[in-house]
Every structure is written in C-alpha cells, then in structure tokens.
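> Okay, here's the prediction I keep looking at, along with the sequence it came from:
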Amino acid sequence: MESQIFELQYAIDTFYFLVCGALVMWMAAGFSMLEAGLVRAKNTTEILTKNIALYAIACFMYLACGYAVMYDGGFFLQGIEAFSLDEVLGASAENGFDGDSVYSPASDFFFQVVFVATAMSIVSGAVAERMKLWAFMVFAVVMTGLIYPLEGAWTWGGQAVFGLYNLGDDLGFSDFAGSGIVHMAGAAAALAGVLLLGPRAGKYTPDGRANALPGANLPLATLGTFILWMGWFGFNGGSVLKLGDAANAHSVALVFLNTNAAAATGLIAAIATARLLFGKADLTMALNGALAGLVAITAEPSTPTPLQASVFGLVAGVVVVFSIVGLDKLRIDDPVGAISVHGVVGLLGLMLVPLSNGDTTFGGQLAGAATIFVWVFAASLVVWFALKMAFGIRVSEDEEYYGLDIGECGLEAYPEFTSVRS
C-alpha cells in the first residue's frame with residue numbers, strides 16, 4: 001500500500017510541476033506581447049526577436065551549466081542526473097516514504113528553467129528601442145548561465161555566499177517564489193544596462209522634462225498583461241512544490257487566491273493613483289499596477305490572509321506609479337516600466353514578508369535583497385561594459401531613428417502602415 005501511495009504521490013506532484021512550468025513558460029508570450037505593445041511600431045519585430053531568442057538561450061544555458069551552478073556547485077550538466085524510475089522507487093524503499101514532496105528531477109529542471117527565462121525577459125523591455133540585438137543575446141548567455149544561477153545558489157540552492165554566510169540558515173532570508181531572486185535580479189541587470197545605454201533619442205528635453213513616447217499597440221500590451229496574470233498562478237502556485245495531499249492542496253488554493261487578489265488591488269490602486277496625479281485613467285499605469293501586485297505577493301503568497309494580500313497589492317500599485325515617475329525625473333529611461341515593476345516592487349515584496357511570516361526578519365530580508373542586488377548589478381555592469389568596449393551596445397542614430405526592425409532584423413512588423421522608403 002505504501003508503494004502505491006508513493007507512486008500516486010510521485011505522479012501527482014510531477015504532473016503538477018509540469019503544468020505549472022508550462023504556465024510559467026506561457027509568461028514568455030506575455031512579456032513578448034506586453035513589450036511589443038509598449039514599444040513604437042518601428043521596433044516591434046526586434047523586441048519580439050529578443051524575447052523568443054532569450055527564451056531559447058536561457059533554456060540551453062541553464063541545461064548546459066546554470067542548473068549545475070545553482071544546485072550542485074559545479075558546471076556543465078552535473079546538476080542533471082538521469083534518474084530512472086527504478087532508482088527513484090528504490091531510494092524511497094530504502095529510506096522510507098514520509099509523505100514529503102517527491103517528483104521527477106526532469107520536472108524540477110523544467111520548472112526552474114522557465115524562471116531563468118522570466119528573469120531575462122525583464123531585461124529586454126527596459127533596454128528596448130536602442131540596444132543592439134546581438135549585444136543583448138551575448139549578455140543573455142552570461143546572465144542565464146552564470147549571473148542568475150550564482151545568486152540562485154545562495155538562496156534557493158542553500159549555498160554560502162562566496163563561502164562567507166548562508167542567507168537562509170544564518171540570516172533567515174525567505175523568498176517563496178522569487179520577488180527578489182527572479183524579479184529584482186532581472187531589474188538589477190536591466191538597470192546596469194540602461195545606465196550604460198542612456199535614454200532614447202528625444203525622450204528628455206534639455207531642461208530635464210520627459211517626453212511621452214507612446215507604445216504602438218495597447219491592445220497587445222493588455223493581452224500580454226492578462227497572459228502574465230494567468231501564468232503567475234503557475235509561478236507562485238508551483239512554488240508550493242507539492243499538491244498530492246490535503247494540506248498542500250489547500251496551500252496551493254490559498255496561493256492562487258492571494259496572487260489573484262494582489263494583482264486586482266494593484267491595478268485598482270495604480271489606476272486611481274494615476275487619476276489623482278495626471279487627471280486621466282492611464283492604461284499603462286493600470287497594467288503595471290497589476291504586475292506590481294503580482295511581483296509584491298510573489299515573495300510570500302502562502303502565509304498572508306486574503307485581506308493582507310489585497311493590502312500588499314494596494315501598496316504595490318501606488319509605489320509602482322511613483323517609482324515610474326521618479327525614474328523619469330532621474331532620466332532613467334525604461335520604456336515598459338520594468339525596473340519599477342520588478343525591481344522597486346520586488347524589494348517591497350521582500351520587505352513585506354515578515355508581516356505575515358514570523359520566521360523571517362526585516363534585517364534578514366534586507367541583507368538578502370542587498371546580496372542579490374549588489375551581485376547581479378555589479379556583475380551585469382561588468383558584462384555590459386565589456387560588450388560596450390568590444391563592439392558597442394547601442395545602435396547608430398540612424399538605426400534608432402528609422403527603427404530597429406529594419407536595422408537589426410530587416411523586416412517590419414506592420415509594413416502596410418509604413419511609407420515606402422527609397
């Protein structure tokens with residue numbers, strides 16, 4: 001009977017992991033649509049190329065070395081072992097099945113690799129409309145193969161930070177599904193690139209005022225937000241790591257409920273804040289408000305009550321609007337608001353964890369956030385600078401003026417709506 005229970009548990013948890021991984025993979029489509037909608041028409045093909053290419057690069061690099069770095073401290077396929085079903089069943093029989101989470105190692109890898117791609121997707125929107133495509137792809141290789149896996153090793157992997165201290169055991173740092181480990185990390189890498197790139201041509205006036213450069217397709221951006229909202233149920237729900245018993249099934253349901261509640265109140269708060277600040281119901285702020293609520297609850301969606309999750313979303317929705325406006329005042333040009341949504345609100349999410357999880361402290365959360373940000377920002381800055389010195393990271397003025405679709409990809413997303421050039 002115990003063997004049958006184990007096999008059923010194994011099947012349920014493995015299947016749940018795979019379904020949640022597929023939901024998170026679908027977030028790649030969400031980022032693609034969101035970013036394609038928020039950039040100008042002349043840069044649409046290029047941003048789509050970046051998004052689908054970075055997903056492929058992330059999948060290969062994490063398989064080749066990233067997973068091994070993150071969980072085994074090694075390189076090149078050492079983290080992916082070819083466990084047969086007989087070996088898994090034999091290990092259970094030898095050690096005894098105690099009801100803990102049991103699933104295929106392949107399903108664990110699949111669930112992890114889509115998180116890597118998510119972190120890299122955050123970068124693509126922030127550097128949009130002026131970065132060279134191939135420079136971005138080279139950075140994606142380093143980010144997904146080394147930079148992200150190392151900070152993942154210090155957090156979810158349980159390894160000591162350069163052998164000095166352990167974030168989880170020594171500091172009590174906790175990040176349930178990746179507000180800091182995934183989202184703030186992606187934003188830190190993006191910020192480093194944006195600072196070296198500089199703003200888009202025409203974004204700021206000489207006296208420092210920001211000019212609006214509206215996106216070409218708000219229906220696409222809205223569709224992308226809905227796709228991300230749906231995919232987030234796999235992002236947070238899958239991080240429970242288990243479904244096949246009553247307690248964990250209840251936890252999964254609560255995580256889904258809290259995730260949805262935070263997104264809803266994040267959108268409401270952002271659109272209300274935009275109305276108060278600008279006198280208009282700004283759709284782009286509403287979309288970023290929903291995403292901000294999702295990012296904020298990602299650090300700990302399992303312990304808050306639904307009311308607490310709703311309040312966290314409200315706070316995130318207000319913060320993201322002021323952050324986007326504040327970065328513009330600092331002349332940090334982020335076409336899609338990724339640094340604010342994933343970076344500023346990612347930090348907020350980490351700092352909200354102790355309000356519902358008594359096993360964590362504000363000091364531990366702050367130390368973990370600082371470790372993640374400093375490593376990813378510094379390492380990314382070095383890589384971006386090396387690429388800038390080697391062959392440049394910004395397109396020419398002419399390419400930026402006419403659009404990266406023609407300059408980088410040789411075709412336009414909306415050719416019927418553009419004039420024929422000689």
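That came through, no problem. Numbers count the residues shown, from 1 in each chain.

> so where is the stretch 101-250 of the chain shaky, pLDDT-wise?
Residue ranges of the stretch 101-250 of the chain with pLDDT under 70: 101.

> wait, Glu399 sits on Gly410?
No. Counting by CB atoms under 8 Å, Glu399 sits too far from Gly410 to count as a contact (11.7 Å). In short, each C-beta sits where N, CA and C put it, glycine included.

> which one of these two has more residues nearby?
Glu399 (17 against 8; other CB atoms under 10 Å).

> confidence score at the more buried one?
For Glu399, the model assigns a pLDDT of 95.

> Check Arg421 too.
Here the pLDDT value assigned to Arg421 is 48.

> Likewise for Gly99?
pLDDT at Gly99 comes out at 53.

> Distance of Thr360 relative to Thr303?
Distance, Thr360 to Thr303, by CB to CB, to the nearest Å: 10 Å.

> So these two - more neighbours on which side?
Using other CB under 10 Å as the criterion, Thr360 and Thr303 rank with Thr360 on top: 23 against 20.

> a strand runs through that one, doesn't it?
No. Counting by DSSP: H, G, I helix; E, B strand; the rest coil, Thr360 falls outside a strand, being coil.

> give me phi/psi at it?
Backbone geometry at Thr360, expressed as degrees, to the nearest 10, gives phi -120, psi 160.

> Val353 is in contact with that one, correct?
Yes. Assessed by CB under 8 Å, Thr360 is found in contact with Val353 at 5.1 Å.

> what sits in contact with each of the two?
Contact with both Thr360 and Val353 is made by residues Ser174, according to CB atoms under 8 Å, 6 or more residues apart in numbering.

> got any ranges where the stretch 301-422 of the chain has weak pLDDT?
417-422.

> What ranges does it have for its helices?
With helices called from DSSP state H, counting those that start in this stretch, the stretch 301-422 of the chain shows them at 306-329, 338, 345-352, 362-390, 397-402, 404.

> hey, which of these is tucked in deepest?
helix 338 (a mean of 29; mean count of other CB atoms under 10 Å).

> How about residues contacting it?
122-123, 125-126, 186-187, 190.

> swap the cut-off to 10 Å and go again
Around helix 338, the neighbours that count as contacts under CB atoms under 10 Å, 6 or more residues apart in numbering are 31, 34-35, 38, 121-128, 183, 186-187, 190-191, 194, 288, 291.

> related to what we said a few turns ago, got TSV for the helices of the stretch 301-422 of the chain, with distance to Phe176 too?
Shown next, in TSV, are the helices of the stretch 301-422 of the chain (distance: least, CB to CB, whole Å):
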stretch	distance to Phe176
helix 306-329	12
helix 338	21
helix 345-352	9
helix 362-390	12
helix 397-402	40
helix 404	37
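
> what's the overlap in contacts for Thr360 and Thr303?
Common contact partners of Thr360 and Thr303 (CB under 10 Å, 6+ apart): 174, 353.

> Leu196 - nearest residue in space that isn't next to it in sequence?
Counting by CB to CB, 6 or more residues apart in numbering, Trp384 is the residue found nearest to Leu196 once chain neighbours are left out, at 5.0 Å.

> Kindly report the same for Asp13.
Leaving out its chain neighbours, the residue that sits closest to Asp13 by CB to CB, 6+ apart is Tyr103, at 4.2 Å.

> Now do the helices in the stretch 1-150 of the chain.
Using DSSP H, counting those that start in this stretch, the helices found in the stretch 1-150 of the chain span residues 2-38, 44-61, 67-71, 85-95, 105-126, 133-142, 148-154.

> of all those helices, which lies closest to Ala253?
Ala253 lies closest, by CB to CB, to one member of those: helix 2-38, at 12.7 Å.

> buried sites along that closest one?
By neighbour count on 16 or more other CB atoms under 10 Å, the buried set for helix 2-38 is 6-7, 9-10, 12-14, 16-21, 23-25, 27-38.

> cool, and stretch 254-270?
254-256, 258-270.

> Mind picking the two most distant members of those?
Pairwise distances across those peak at 24.3 Å for Leu254 and Ala270 (criterion: CB to CB).

> phi, psi of Gly279?
phi 80, psi 0.

> quick one: pLDDT of it?
For Gly279, the predicted pLDDT is 95.

> State the distance from it to Ser323.
According to CB to CB, Gly279 stands 20 Å off from Ser323.

> quick one: average pLDDT of stretch 254-270?
Stretch 254-270 comes out at a mean pLDDT of 98.

> centre of the chain versus that stretch, how much separation?
Between the centre of stretch 254-270 and the centre of its chain there are 17 Å (CA atoms, centre = their mean, to the nearest Å).

> Contact partners for the nearest residue to Gly215 once chain neighbours are set aside?
Nearest residue to Gly215, sequence neighbours excluded (CB to CB, 6+ apart): Leu38, at 3.8 Å. Leu38 makes contact with 47, 125, 128-129, 213-218, 220-221, 224, 284, 287-288, 335-338 under the criterion CB under 10 Å, 6+ apart.

> which of those count as buried?
47, 125, 128-129, 213, 215-217, 220-221, 224, 284, 287-288, 335-338.

> Do you have the strands of the stretch 101-250 of the chain handy? List them.
For the stretch 101-250 of the chain, strands defined by DSSP state E, counting those that start in this stretch do not occur.

> picking that back up, looking at the helices of the stretch 1-150 of the chain, which is closest to Val374?
Smallest distance to Val374 across these (CB to CB): 9.8 Å, for helix 148-154.

> Output that closest one as PDB - backbone C-alpha positions only.
Coordinates of the C-alpha atoms in helix 148-154 are reproduced here as PDB (Å, rounded to 0.1, in the frame of the first residue of the first chain):
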ATOM      1  CA  TYR A 148      21.400  34.300 -12.200                       C
ATOM      2  CA  PRO A 149      22.500  30.700 -11.200                       C
ATOM      3  CA  LEU A 150      25.000  32.000  -8.700                       C
ATOM      4  CA  GLU A 151      22.600  34.200  -6.800                       C
ATOM      5  CA  GLY A 152      20.100  31.300  -7.100                       C
ATOM      6  CA  ALA A 153      22.700  29.100  -5.500                       C
ATOM      7  CA  TRP A 154      23.000  31.400  -2.500                       C
END
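
> What helices and strands are in contact with it?
helix 44-61, helix 67-71, helix 105-126, helix 185-197, helix 362-390 (3 or more CB pairs under 10 Å, 6 or more residues apart in numbering; DSSP states H and E).
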